[in-house]
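[1] here you go, sequence then predicted model.
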Protein chains: 4
Amino acid sequence: MSANQFSKDYLVVAQNASGRNMKVPLYRFKGAKPGPKVYIQSSIHGAEVQGNVVIYHLIQTLQKQPICGEITLVPNCNPVGTNIKAGEYTLGRFDPVNGTNWNRGYYFDPDNVDAFAKRVGPDESLTQIKARFRDNIKTQIDERLNSTWGLGLAQQLNLKLQQLAFDADIVIDLHNGPVSTRHIYVPEYAKAAASLFNIPHVILIPNTFAGALDEATFCPWWRLQDALSAKRGQTISLGVEAFTLEMGSQEVINFDEGRYDATSILSYLNARGCLQDANYQPDNIQRVAVYLKDYKILYTKQGGMVEYLARPGSRIKQGEPLAKVLNVDELENPRATDTILAPCDVIPILHFPSASVLSGTQLYKCFTHYFDLAEEA
Amino acid sequence: MSANQFSKDYLVVAQNASGRNMKVPLYRFKGAKPGPKVYIQSSIHGAEVQGNVVIYHLIQTLQKQPICGEITLVPNCNPVGTNIKAGEYTLGRFDPVNGTNWNRGYYFDPDNVDAFAKRVGPDESLTQIKARFRDNIKTQIDERLNSTWGLGLAQQLNLKLQQLAFDADIVIDLHNGPVSTRHIYVPEYAKAAASLFNIPHVILIPNTFAGALDEATFCPWWRLQDALSAKRGQTISLGVEAFTLEMGSQEVINFDEGRYDATSILSYLNARGCLQDANYQPDNIQRVAVYLKDYKILYTKQGGMVEYLARPGSRIKQGEPLAKVLNVDELENPRATDTILAPCDVIPILHFPSASVLSGTQLYKCFTHYFDLAEEA
Amino acid sequence: MSANQFSKDYLVVAQNASGRNMKVPLYRFKGAKPGPKVYIQSSIHGAEVQGNVVIYHLIQTLQKQPICGEITLVPNCNPVGTNIKAGEYTLGRFDPVNGTNWNRGYYFDPDNVDAFAKRVGPDESLTQIKARFRDNIKTQIDERLNSTWGLGLAQQLNLKLQQLAFDADIVIDLHNGPVSTRHIYVPEYAKAAASLFNIPHVILIPNTFAGALDEATFCPWWRLQDALSAKRGQTISLGVEAFTLEMGSQEVINFDEGRYDATSILSYLNARGCLQDANYQPDNIQRVAVYLKDYKILYTKQGGMVEYLARPGSRIKQGEPLAKVLNVDELENPRATDTILAPCDVIPILHFPSASVLSGTQLYKCFTHYFDLAEEA
Amino acid sequence: MSANQFSKDYLVVAQNASGRNMKVPLYRFKGAKPGPKVYIQSSIHGAEVQGNVVIYHLIQTLQKQPICGEITLVPNCNPVGTNIKAGEYTLGRFDPVNGTNWNRGYYFDPDNVDAFAKRVGPDESLTQIKARFRDNIKTQIDERLNSTWGLGLAQQLNLKLQQLAFDADIVIDLHNGPVSTRHIYVPEYAKAAASLFNIPHVILIPNTFAGALDEATFCPWWRLQDALSAKRGQTISLGVEAFTLEMGSQEVINFDEGRYDATSILSYLNARGCLQDANYQPDNIQRVAVYLKDYKILYTKQGGMVEYLARPGSRIKQGEPLAKVLNVDELENPRATDTILAPCDVIPILHFPSASVLSGTQLYKCFTHYFDLAEEA
């Protein structure tokens, strides 16, 4: 029998053109014992729906498994994105009105962190600092949400979610690639955590901000950690981690795969002390890592129709074929097809989901200069 | 060494908003010996690109294999549809301006056929009749193309292609389903032809017109045949056949699969006397058929996120699961998932390509009351 | 003080990809005295929003003005269409998944009407016949809505609305054109009604069905009337009228214009005995009419960028310019611009809303062979 | 008789999914006398087509009017954007595949400018510096265009145009707003130029880079100027100016308005010595200016249907109504409409082009804290 308290709530994140509220379900489990606060959301990109299945499986488990601390789960966190169709597919990666990526409007202001760090008293405990820092950031976000001139839809949506997420010690943002193998974004300072998930491909990211939720979580904490460490002359860890998990391809759900990914997340949470008397362990798999600068996009030079020859997750040597392009105007001569070769040794992680490409299309995203995570660590 | 003459030409089918011509390549092979005229086009639906690969393989073969008669191949026959992107996918099934299906604007007027049949002289040979009928139809199409008030883009495109296609004795229109297994539409009067392709699923269609190229080809010839047979009191065959081949899933090309489908088409063409001293034979596979009325669309009653449990081409018994729907608002209770069951014994042929569906979505198209083509014949 | 009873209710017409109900508000006024039943809906095409403002003004009036009978008002009757954006505009004319026009899925089966007419007893009163016919049609619609294999979204939406609309004696469907002047579609048998609205352009439509709500209303009643008239040897009128009002341009609302159109509708309703002691009269304006066959679409032959020279509602003589097309590739020579001339005397009623056109674009819809409605009648 | 040399050329900027080149026309006039180099492009945002008409009128003039120096005119410079339709409108503001704004991928690297400035010799003339700087930047752009991993489509397109534009002393980028009055973006250091155009609303922009062509032009020159001035201890002007002109509403062309804007540009060019013996003078109109920080976006807090009450270009006092929102669910009560008021004194410059808005929509862009340009200067 679970000692967890459960509650369900809804957060209004937008209003549609009929003037109706668009809301996001919040599932919350609170353990009888203290422990970390966890925040997990899925589908900020509307076509990346598999995270909803992962959350379904997590909820099935959390209805039985006693936890320490709190876990908030937010499936389908972008009801606008999920519900914009263009043809049979979901136009869910950006706001269809203005092209704004739904995962680029979170808040981070390094100057504000620096000012906060400067004001930290010499005797303040880490617990006090963390609580005050959370208040500080949430006040900043509130001000933005309530500004006279308003905010764009994507940014409003992001900030309302961030209000919830910034309370957490652990933030997990569930995504999918176009046609993709499993991979995870991990901040460099939390590299050790990468081995706690069952995810074979790891991207280590520096302390820079491009607007995404994981960055908006770890950038302020990381920066604060660094400032406090410098100020106090010792290595200070504030114990907050944030990850973006990419669990396969968009536009697809699969319940069996979802159970596997839920177990992977439970292994991590167990290692972080979120579960009581649980037995979830990471699998003994090889994990390959790259630094973000070595995670490369290969763009097409030509337009045409493409067969993707290299399977995501496979290892491709320099000069081996990645894709074959058909040129419909030259079918009777040698220019009928064109082969695109790997510019160096790569592991393709994802590829474009349509055979029809213009020049300048993101054909593949690839690991280059990758290394075994275990050996590196 | 091939005795075929080869030529390549371009047909202007539209002008874009920059005022530029959009054109379609025409590849033509003419044999040294007489024989049927063949017309093969692909990608009238812009996202259904695999037919272009099939035409590529056919052209490779036809550069060596001597033919009897003529073969015209028209890949990427809808350059508008192929080049409208919405998100990463191709919005190629209908004109993005007005929703018109690109495969519904061909010409057929039963009254004109009846009037023509009435005017056929008692001594006219079938060859004469066919030639005069072709002229008649092409004149009708010309008039429409040149009308004072003009025509919609899809219809213009269709009629310009039909001008070419109506010259042929054999018309093959290469399509793909959303996520689909191989299937073919065959007019009932040409049922025997279905066994000449390597396609396991056959839809037998009656003499009714909904605007597609295959119908626009066989409807007038079939109707004329029937009228002449009645008039002359004998069964008359005018020897024209038309097929829509659906060769797997849209948004994907695959060169190996394309070679297989090219061989399948060559087997049919060989049986029809289009190839000289060739050895292409249909495979000995089971072929399952339905009448069009038994090719059913299963629409969703609910909205949600769907796992497609039934693989296209598999046999599903009544009451077995086809799909499982996730309901993001009910994840903690039994309404979290909903299973959609087969309403009768079915072979799902294709399913919707996105996990995200509204109510009223074409979830599956299914064979019901199917039968073995060989046993029926 | 109004004696009208008021109620507000919601009709679920669809579920979105989050599994949530999409609903339509139903505003109902019931008079103290008997009288006709009226059904008015707006925005079945999602970008045609001005009808919602007209309904707003009607509701303001009906809160004070006593009525006879009942009036049901259904604004924003297609919440799917209104909420699909593609760029800044609303993609509301067709289902973005499959291109289905949202106003083509209503039910009409002439065979069913004929069978019903055959079963009408010699002594049945018109009131009895009307009641039984309504039951019959609504049962037919129910069967379709509840069929095992389901229905497409647009058709589901249409049939759910038609269930409500078929109870009414008067059905008004509020639309807008692209860039448009006021016009109204009136069934030929109800031509006299055209003079009761303040709408200067009238299209008289025959008893043929293309799927729209007005047709789905008057076609069965008209056919039944004709059958009963033949059966009983006398002219029988069942007193049901249906209209499509097009009130200016899509993507725009204007409260002042909406008040004018509301007054126009109130004038008609007053003439039909729907209002108690009211003083609404049609304006004394010229009304120009055409038969549907003379309401012509002018398609572009070329692609390019267009200035619309002819204002909707103006009178253009044969040979006068309608539009001027810029050709960006020929700016230094006489082909830089091209003028499109009226092929005969026309009144342009609406034009395409974008300057950028492909070949085959519906540039203008025009009255030709138009006549003064008063003189004709 | 004009002494200008004329040439027309084409630049390939992309390949479409059919593998075909998409190209941009280059119109070039070269005067008999020396003078500034001018580069004018239009329609980088595909729906903003009026600039093409302005270029048409400029070309008509330049065929007769002798110039000094060179003028390159590039209409319809984004053939991808102009040709993506979604519904009747043009989805031309961003790449439909990934949401990238077509006007954000130009090149500017402040570190490169600083390094260049450091290497400038003490004796180098401004002419030599300018020539070497152009070579330097164009080499940088070349490297990016030819990188192994490629570039995204929008960036490729931008850089190919920038290769041409960076040769010029005067760069004019012709845009339109959604529903908009005339306005112009002017770099603060070139403020005096604002009075040379017939444009009543002026936005003064600082030396910061967000990716647009005007910024990509003036930022490097401005930064270089500042560095050289510091280095040489004197105010150095390199004489390069760049402007973004917004000439009314998107999706519309108007030849008369285009002639007015062409004349406005000719007035500016005449003042800069580009025309020989010409008589073009700016009109004596009031010009109102703001600093970029005071050019504010007003976002909607609610969703609904909007009447835009404030006309672009009008002066609205704090608290006066800007827009009225209809709420279809509350038509019978006081919440039926909601009025959005000006948060301070504003001149609305443009508003959203559709009546249907979600929460977080850019309703208006407004001048606040505006001032008379003449008085300020």
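    Looks like it came in fine. Residues are numbered from 1 along each chain as shown, chains lettered A, B, ... in the order given.
[2] for the residue sitting furthest away from the middle of chain A, helix, strand, or coil?
    Computed with Cα atoms, centre = their mean, the residue of chain A farthest from its C-alpha average is residue A:332, at 46.0 Å. At residue A:332, secondary structure determined by DSSP: H, G, I helix; E, B strand; the rest coil is coil.
[3] residue A:3 too?
    Following three-state DSSP, residue A:3 is assigned to coil.
[4] contacting residues for residue A:82?
    When contacts are counted by Cβ atoms under 8 Å, 6 or more residues apart in numbering or on different chains, residue A:82 touches A:43, A:46-47, A:49, A:76, A:90, A:92, B:356, C:16-18. Heads up, the C-betas are built off the backbone N, CA and C, glycines and all.
[5] with respect to residue A:319, which of those is nearest?
    Nearest to residue A:319 among those: residue A:47, at 33.7 Å, using Cβ to Cβ.
[6] pretty sure the closest one contacts residue C:17?
    No: Residue A:47 is beyond contact range of residue C:17, at 9.9 Å (criterion: Cβ atoms under 8 Å).
[7] overlap in contacts, these two.
    Counting by Cβ under 8 Å, 6+ apart, the residues touching both residue A:47 and residue C:17 are A:82, A:90, B:356.
[8] so which of the residues you listed comes closest to chain C?
    Closest to chain C out of those is residue B:356 (4.0 Å), distances taken as Cβ to the nearest Cβ.
[9] ok, for the closest one, nearest residue in space, not its chain neighbours?
    residue C:17 (4.0 Å; Cβ to Cβ, 6 or more residues apart in numbering or on different chains).
[10] SS state for that neighbour?
    Classification of residue C:17 using three-state DSSP returns coil.
[11] which elements pack onto the helix or strand harbouring residue A:114?
    Here residue A:114, judged by DSSP states H and E, is contained in helix A:110-119. Judged by 3 or more Cβ pairs under 8 Å, 6 or more residues apart in numbering or on different chains; DSSP states H and E, helix A:110-119 is in contact with helix A:126-145, helix A:213-232.
[12] quick check: angle from the next helix or strand after the first one to helix A:213-232?
    Spelled out, it's helix A:126-145. Per DSSP H and E, the first helix or strand lying C-terminal to helix A:126-145 is helix A:153-165. Computed by axes from the mean of the first three to the mean of the last three Cα atoms, to 10 degrees, the angle separating helix A:153-165 from helix A:213-232 equals 50 degrees.
[13] what's the distance between the helix or strand following helix A:153-165 and the middle of its chain?
    Going down the chain from helix A:153-165, the next helix or strand is strand A:170-177, by DSSP H and E. Mean-position distance between strand A:170-177 and its chain equals 3 Å (Cα atoms, centre = their mean, to the nearest Å).
[14] one more: stretch A:264-277?
    19 Å.
[15] does residue A:7 lie in a helix or a strand, and which?
    Short version, using DSSP H and E: residue A:7 is in strand A:5-15.
[16] hmm, back to that, give the buried residues for the helix holding residue A:114.
    Using 16 or more other Cβ atoms under 10 Å in any protein chain shown as the test for burial, helix A:110-119 gives A:113, A:116-117.
[17] per-residue pLDDT, the residue farthest from the centre of chain A?
    At residue A:332, the pLDDT value in this model is 97.
[18] over to it: give its phi and psi.
    Main-chain torsions, residue A:332, degrees, to the nearest 10: phi -100, psi 0.
[19] please parse chain A into its domains.
    A:5-285, A:295-368 (automatic domain parsing).
[20] how about those in a markdown table, adding distance to residue D:272?
    Output for the domains of chain A, formatted as a markdown table (distance: least, Cβ to Cβ, whole Å):
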| stretch | distance to residue D:272 |
| --- | --- |
| domain A:5-285 | 35 |
| domain A:295-368 | 35 |
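[21] out of those domains, which gets nearest to residue D:365?
    Distance to residue D:365, taken as Cβ to Cβ, is lowest for domain A:5-285 among the domains of chain A, at 10.3 Å.
[22] look up how far residue A:104 lies from residue A:79.
    Separation of residue A:79 from residue A:104 (Cβ to Cβ, to the nearest Å): 18 Å.
[23] between these two, which is the more surrounded one?
    A count of neighbours by other Cβ atoms under 10 Å in any protein chain shown puts residue A:79 above the other of residue A:79 and residue A:104, at 24 against 17.
[24] OK, contacts around the more buried one?
    Contacts of residue A:79 by Cβ under 8 Å, 6+ apart are A:13-14, A:22-24, C:16, C:18, C:20.
[25] go on, residue A:326?
    For residue A:326, counting by Cβ under 8 Å, 6+ apart, the contacting residues are A:304-307, A:336-337, B:52-53, B:56, B:253.
[26] quick one: which of these sit in strands?
    Judged by DSSP state E, strands contain the following of the contacts of residue A:326: A:304-307, A:337.
[27] out of these, who's the most crowded?
    residue A:304 (31 neighbours).
[28] contacts for the strand holding residue A:7, please.
    Residues outside strand A:5-15 that contact it (Cβ under 8 Å, 6+ apart): A:21-30, A:63, A:74, A:77-80, A:153, A:156-157, A:160-161, A:164, B:332, D:302-304, D:358-360.
[29] one more time with 6 Å, if that's ok
    By Cβ atoms under 6 Å, 6 or more residues apart in numbering or on different chains, the residues outside strand A:5-15 that reach it are A:21-30, A:80, A:157, A:160, D:302-303, D:359.
[30] and the residue positioned nearest the centre of chain A, helix, strand or coil?
    Taking Cα atoms, centre = their mean as the criterion, residue A:244 is the residue nearest the geometric centre of chain A, at 2.2 Å. With three-state DSSP as the basis, residue A:244 sits in strand.
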